[in-house]
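Participant: below is the sequence, then the predicted model.
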Amino acid sequence: ATKRIDRKGEPKVRSFFAKTFYKLINCLTKLNITDGARDFRMMTRQMVNSILELKEHNRFSKGIFSWVGYNTKWMIYENVERVAGTTKWWFIKLFKYSIESIVAFTTFPLIISIFVGILMLLISFILGIMLFFKGTAVAMISTLIFFALGVNLIFMGILVGKKWKLDRIKDYDNFKFIEH
């Protein structure tokens, strides 16, 4: 696979966000996705077949290459500025791609959903107790709605997380035990 040594010629802001993304996704997943790795690579037929068996819809190729678990030998190169043309990957498009990648390879968004739901439940309990003694009917109804939203977030996080894990186990279980 190809890997660039540095980000020379790339805007500083873009480099910052790219490095931050790689640190974040490596913290949130059990994968080791190398910063500077490119999508261009030579693969064995066995690796190609493993990748083609995956049922991913939003393909984050660097994550998939890491997920299937084959050894990688790096061909290092120096990054140079473009001589002609412009990139098709604008900041918003890259940001959207990074969010899709995090959602595809981690349960972190689901954990956030559960955490926010628990926080909403706690706040609604505290507000409910305070408003029970000196609140209005409208305030109590608002508290009940807040409570219901909290419960909803918790259960959605649990149910979607369970489905996500079951789908991953069913689809990818054979990739965890590949012999090299």
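Facilitator: Received the coordinates, thanks.
Participant: and Ile76, that one's in a strand?
Facilitator: Yes: counting by DSSP: H, G, I helix; E, B strand; the rest coil, Ile76 is part of a strand.
Participant: and for Asp6, the neighbour number?
Facilitator: Neighbours of Asp6 under the rule other Cβ atoms under 10 Å: 10. In this view, the C-beta of every residue, glycine as well, is placed from N, C-alpha and C.
Participant: around the residue nearest to it when sequence neighbours are not counted, how many other residues sit close by?
Facilitator: Leaving aside its chain neighbours, Asp6 sits nearest to Asn79 (5.9 Å; criterion: Cβ to Cβ, 6 or more residues apart in numbering). Under the neighbour criterion other Cβ under 10 Å, Asn79 is assigned a count of 13.
Participant: just Ser101 next, same as before
Facilitator: Neighbours of Ser101 under the rule other Cβ under 10 Å: 21.
Participant: kindly report the same for Ile158.
Facilitator: By other Cβ under 10 Å, the residues close to Ile158 number 14.
Participant: doesn't the residue nearest to Asp6 fall inside a helix?
Facilitator: No: applying three-state DSSP, one finds Asn79 to be coil, outside a helix.
Participant: would you agree it is in contact with Thr2?
Facilitator: No: when contacts are counted by Cβ atoms under 8 Å, Asn79 is not listed as touching Thr2 (10.7 Å).
Participant: wait, doesn't Met120 sit right on Ala148?
Facilitator: No: with contact defined as Cβ under 8 Å, Met120 does not reach Ala148; the gap is 9.3 Å.
Participant: who's more crowded, those two?
Facilitator: Between Met120 and Ala148, counting by other Cβ under 10 Å, Met120 is the more crowded of the two (19 against 13).
Participant: helix or strand for the more buried one, which one?
Facilitator: Assigned by DSSP states H and E, Met120 belongs to helix 108-134.
Participant: tell me what that helix is packed against?
Facilitator: Applying 3 or more Cβ pairs under 8 Å, 6 or more residues apart in numbering; DSSP states H and E, one finds that helix 108-134 contacts helix 91-105, helix 137-172.
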